[in-house]
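Student: Coordinates for the following, if possible.
(one chain, ligands or ions: 1)
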Amino acid sequence: MSAETSYNIDQPTKYIQDNKPSLVSDQREAFNKITQAVFNGSGGIFFLDAPGGTGKTFLFNLLLAKIRLTNRIALAVTLSGIAATLLTGGRTAHSAFKLPLNLASAEASTCNIARGTGKAKVLQECQLIVWDESTMFHKAALEALDRTLQDLQHNDKTMGGVTLVLAGDFQQTLPVIPHVPKADELQACLKASYI
Ligand SMILES: Nc1ncnc2c1ncn2[C@@H]1O[C@H](COP(=O)(O)OP(=O)(O)OP(=O)(O)O)[C@@H](O)[C@H]1O
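Tutor: Model (predicted):
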């Protein structure tokens, strides 16, 4: 919890001053809509659907800086540790959310986070989650987070009212499930989720 609330305010302030002016129009529109959703508490799920190299990570880091600047908790997660290093305070989703290990057989499960722990407090307080490489995740990961956030935030809205921003490319690698037909892999994809 202390790690998520102890960002030095000077760093995000300078980061925003240096980089926000260079946002292109699509990035600026997404930045404004997402920050509004966090600040007015409406929440919701956003998907940044853009090819590689078009500035999704750049936008994510600006969003993280903007939300942390206001003493709110914003989490940044990815599939791989390497991608996590590109986001300020980035972690793998498995580490941040304690996702079930065998997602393919984890129907209707939740994250392995007990009430009263530091991780539970972070999820109770957090208002923004940015999730890169999301298309490579099994849909059960997103669904486990949805149930966990609804429970911890005492809120029946999708993701417990937390604003979630997903990014990824459905034309790249989809979830990999060994020894199953292609149809099952498609069924495991985020697009097949009830969310
Ligand atoms: N509006 C911008 N102004 C200045 N530089 C930018 C802007 N948007 C992106 N960049 C730069 O373009 C490069 C690629 O951007 P970025 O890594 O954010 O793309 P990406 O969509 O996340 O790529 P990938 O999907 O491959 O991870 C980076 O060096 C980033 O700093």
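Student: Which residues are in contact with residue 62?
Tutor: Contacts for residue 62 (C-beta atoms under 8 Å, 6 or more residues apart in numbering) come out as 15-16, 19-20, 23, 31. Glycine gets a C-beta too; all of them are placed from N, C-alpha and C.
Student: Can you say which of those are buried?
Tutor: Buried subset of the contacts of residue 62 (neighbour count, 16 or more other C-beta atoms under 10 Å): 15, 23, 31.
Student: can you list the residues of the chain near the ligand?
Tutor: 22-24, 27, 50, 52-58 (C-beta under 6 Å from any ligand atom).
Student: among those residues, which ones are buried?
Tutor: Burial by neighbour count, judged by 16+ other C-beta under 10 Å, picks out 23, 27, 55-57 from these.
Student: Pick out the lowest-pLDDT one from these.
Tutor: Of all these, residue 55 carries the smallest pLDDT score, 90.
Student: pretty sure that residue is touching residue 24, no?
Tutor: Yes. Counting by C-beta atoms under 8 Å, residue 24 is a contact partner of residue 55 at 7.1 Å.
Student: if we can go back for a sec, need the max-distance pair from the buried ones among the residues of the chain next to the ligand.
Tutor: Taking C-beta to C-beta as the measure, those span a maximum distance of 13.1 Å, between 23 and 57.
Student: from what I can see residue 51 touches residue 168, true?
Tutor: No. Residue 51 lies out of contact with residue 168 (C-beta under 8 Å); the separation is 11.2 Å.
Student: Settle it for me: which of the two has more neighbours?
Tutor: residue 168 (22 against 9; other C-beta atoms under 10 Å).
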